[in-house]
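Trainee: structure of the sequence below:
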Amino acid sequence: MALHPKVIDLTLDRMWRLLENLGNPQNDLPPVIHIAGTNGKGSTQAMIRAGLEAAGKKVHAYTSPHLARFHERIRLAGALIDEEHLTEILDECYGKNGGETITYFEITTAAAILAMARTPADYTLLEVGLGGRLDATNVIGQPLLSIITPISIDHEQFLGNTLTKIAGEKAGIIKRRCPVIVAPQPEEAMDVIEATAERHHAQIIAQGQHWQIDTERDGLMFQDETGVVQLPRPNLPGDHQIENAGTAVAALRHLGFNDEVCEAAVSQAHWPARMQKLNTGPIIDSAPHSEIWLDGGHNPAAGQAIGHHLGTLAKRATYLICGMLNTKDISGYLNPIAPHVEKLIAVSIPGEMNTLTAADTAAAARGAGMQAETADDVLSATQEIVKNDPNARILICGSLYLAGNILRNHA
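Mentor: Residues are numbered from 1 along each chain as shown. Alright, predicted model coming up:
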């Protein structure tokens with residue numbers, strides 16, 4: 001069936017109408033954990049899911065965007081939705097919409113909610129698509145738990161150009177008397193979250209106030225008001241995953257799960273295109289002696305996390321293959337990465353009308369102090385790098401849409 005265009009128009013009116021036509025399935029979901037934030041939503045959700053599943057629980061999960069296949073967005077009781085079920089549920093939603101205007105994300109979210117409401121499970125994990133207050137997922141009257149991961153500047157054209165405005169949108173998922181787990185936040189964002197929680201009489205469980213996570217020589221130490229847990233290092237790469245692990249563990253401990261479940265959350269989570277090391281596919285075949293990574297981060301906070309992570313790796317000449325959307329702060333993204341990189345090769349993102357041209361990306365890279373050139377595609381960029389440096393470390397980065405293209409076609 002044909003879905004509506006990928007436009008962003010933040011309002012809940014269309015969503016409420018469609019859900020009403022579907023019989024309000026949002027009221028029949030298993031207990032909901034609702035996750036908003038700028039960075040770390042997907043990784044935090046993946047860790048919580050790993051912990052819950054290790055505890056023997058059946059878990060629904062909704063996330064966006066997908067990388068390689070649309071089905072990745074909807075996980076029912078632990079398994080990705082199958083093609084027949086997906087087609088059936090989308091057709092039902094499309095029929096109940098009755099030809100009215102609706103966005104791609106809204107009808108997808110309605111389909112996910114309908115499928116999850118009809119499938120038995122113990123928990124539902126809902127990841128916000130954009131913002132929170134007017135996001136299509138914000139239709140749950142009383143979540144079991146809300147979570148707000150780190151907030152930074154992104155999607156300014158929709159959410160506002162200050163941390164205060166953006167935090168106001170993210171904090172819109174806080175519901176009356178619903179506890180909210182809060183990851184480390186800038187002061188301006190935290191002020192907004194605390195004020196919103198106070199208005200809704202919602203209990204805050206915040207990093208630095210109610211829980212803390214620190215590194216130790218052999219792992220992590222998590223501490224909250226009920227005690228201390230020794231944890232392994234996250235299996236998701238990057239020091240920024242330590243904060244995400246803390247947020248996930250804070251949620252699991254609030255729900256009453258034991259230390260073993262928390263350990264599983266940290267050590268068993270899998271989340272693609274977040275400093276993911278590639279091991280197979282045409283790109284690897286073209287560069288057998290290189291180390292090739294993939295990351296879908298695309299905002300200044302992601303750039304800071306990548307730059308920090310590159311600084312912790314063993315010394316090796318590092319090259320970027322970068323493609324970005326023209327809606328992103330490319331200078332803010334590249335500036336923290338630039339000191340760790342020999343050269344950037346810019347590409348356009350295949351099939352994306354909002355891609356920055358390779359020439360514009362290369363120009364921005366030069367503005368950040370990097371050597372830069374362009375290539376027609378990622379494979380030819382890889383071949384150009386290894387022709388001059390067969391042992392290169394290569395990071396393909398800048399967009400989840402570019403990462404999805406790599407996972408579909410090259411991994």
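Trainee: what's in contact with stretch 239-247?
Mentor: 39-40, 43-44, 47, 147, 149-150, 181, 183-184, 207, 211-213, 215, 220, 222, 231, 233-234, 236, 265-266, 274, 305, 308-309, 312 (CB atoms under 8 Å, 6 or more residues apart in numbering). (Glycine included, C-beta is placed from N, CA and C.)
Trainee: what residues sit buried inside that stretch?
Mentor: Going by neighbour count (16 or more other CB atoms under 10 Å), the buried part of stretch 239-247 is H240, Q241, I242, E243, N244, A245, G246, T247.
Trainee: cool, and stretch 126-143?
Mentor: 126-140, 143.
Trainee: farthest pair within those residues?
Mentor: Farthest-apart pair in those is L130 and P143; separation 18.2 Å (CB to CB).
Trainee: for the helix or strand containing L344, packing partners?
Mentor: Element membership of L344 [criterion: DSSP states H and E] is strand 343-346. When contacts are defined as 3 or more CB pairs under 8 Å, 6 or more residues apart in numbering; DSSP states H and E, strand 343-346 sits against strand 318-322, helix 358-367, strand 371-374, helix 378-388.
Trainee: winner for burial among the ones you listed?
Mentor: Stretch with highest mean neighbour count among those: strand 318-322 (a mean of 26; mean count of other CB atoms under 10 Å).
Trainee: what angle separates it from helix 378-388?
Mentor: Angle, strand 318-322 to helix 378-388, by axes from the mean of the first three to the mean of the last three CA atoms, to 10 degrees: 160 degrees.
Trainee: strand partners (parallel or antiparallel) of strand 318-322?
Mentor: strand 343-346 (parallel), strand 393-397 (parallel) (DSSP bridges).
Trainee: ok, which of those comes nearest A359?
Mentor: Closest approach to A359 among the strands paired with strand 318-322 (CB to CB): strand 343-346, 7.3 Å.
Trainee: other residues contacting the closest one?
Mentor: 319-323, 334, 358-362, 365, 370-375, 381, 384-385.
Trainee: can you report how many residues lie near T327?
Mentor: For T327, the neighbour count with other CB atoms under 10 Å is 15.
Trainee: next: D218.
Mentor: 8.
Trainee: can you check the one 3 residues further on too?
Mentor: Applying other CB under 10 Å, we find 13 residues neighbouring M221.
Trainee: check which helix or strand it maps to.
Mentor: Using DSSP H and E, the element containing M221 is strand 219-224.
Trainee: give the next helix or strand downstream of that strand.
Mentor: Next helix or strand after strand 219-224 toward the C-terminus (DSSP H and E): strand 227-231.
Trainee: could you point out which residue ranges in this protein have low pLDDT?
Mentor: 1-9, 153-161, 411 (pLDDT under 70).
Trainee: and stretch 76-88, what's buried?
Mentor: For stretch 76-88, the neighbour count (16+ other CB under 10 Å) marks L76, A77, L80, I81, H85, L86 as buried.
Trainee: cool, stretch 212-220 as well?
Mentor: Applying 16+ other CB under 10 Å to stretch 212-220 flags I213, L220 as buried.
Trainee: pull the residues that contact it.
Mentor: With CB under 8 Å, 6+ apart, stretch 212-220 has contacts from 207, 221-224, 230-234, 242-243, 245-246, 249, 266.
Trainee: straight-line length of it, end to end?
Mentor: End-to-end distance for stretch 212-220, by CA to CA, to the nearest Å: 10 Å.
Trainee: and the residue nearest to S146 when sequence neighbours are not counted, what is it in contact with?
Mentor: Nearest non-adjacent residue to S146, counting by CB to CB, 6 or more residues apart in numbering: V180, 4.3 Å away. The contact partners of V180, by CB under 8 Å, 6+ apart, come to L145, S146, I147, I148, I174, I193, A197, A202, Q203, I204, I205.
Trainee: show me what V180 is bridged to.
Mentor: On the basis of DSSP bridges, V180 is bridged to S146, I204.
Trainee: ranges for the helices of the stretch 201-350 of the chain?
Mentor: Here the stretch 201-350 of the chain has its helices, by DSSP state H, counting those that start in this stretch, at 240-254, 259-268, 282-286, 300-312, 330-334.
Trainee: quick one: the longest one to helix 259-268, angle?
Mentor: What that stands for is helix 240-254. Going by the same axes, to 10 degrees, helix 240-254 makes 150 degrees with helix 259-268.
Trainee: now the closest residue to M324 other than its chain neighbours. Its backbone dihedrals?
Mentor: Residue nearest to M324 in three dimensions, not counting chain neighbours: G398, with 4.2 Å by CB to CB, 6+ apart. The phi/psi pair for G398 (degrees, to the nearest 10) reads phi 110, psi -20.
Trainee: list the contacts for G398?
Mentor: By CB under 8 Å, 6+ apart, G398 lies in contact with H298, L320, C322, G323, M324, K328, I330, Y333, T361.
Trainee: farthest-separated two in those?
Mentor: L320 and K328 (14.8 Å).
Trainee: what's the domain layout of the protein?
Mentor: Following automatic domain parsing, the chain resolves into domains at 13-268, 276-409.
Trainee: out of the helices and strands packed on strand 343-346, which is closest to N409?
Mentor: helix 378-388 (9.0 Å).
Trainee: who touches that closest one?
Mentor: 282-283, 286-287, 289-290, 292, 319, 321, 323, 343, 345, 347, 373, 375, 392, 394, 396, 402, 405-406, 410.
Trainee: now, of the residues you listed, which are buried?
Mentor: Among those, those classed as buried by 16+ other CB under 10 Å are 283, 286-287, 290, 292, 319, 321, 323, 343, 345, 347, 375, 392, 394, 396, 402, 405-406, 410.
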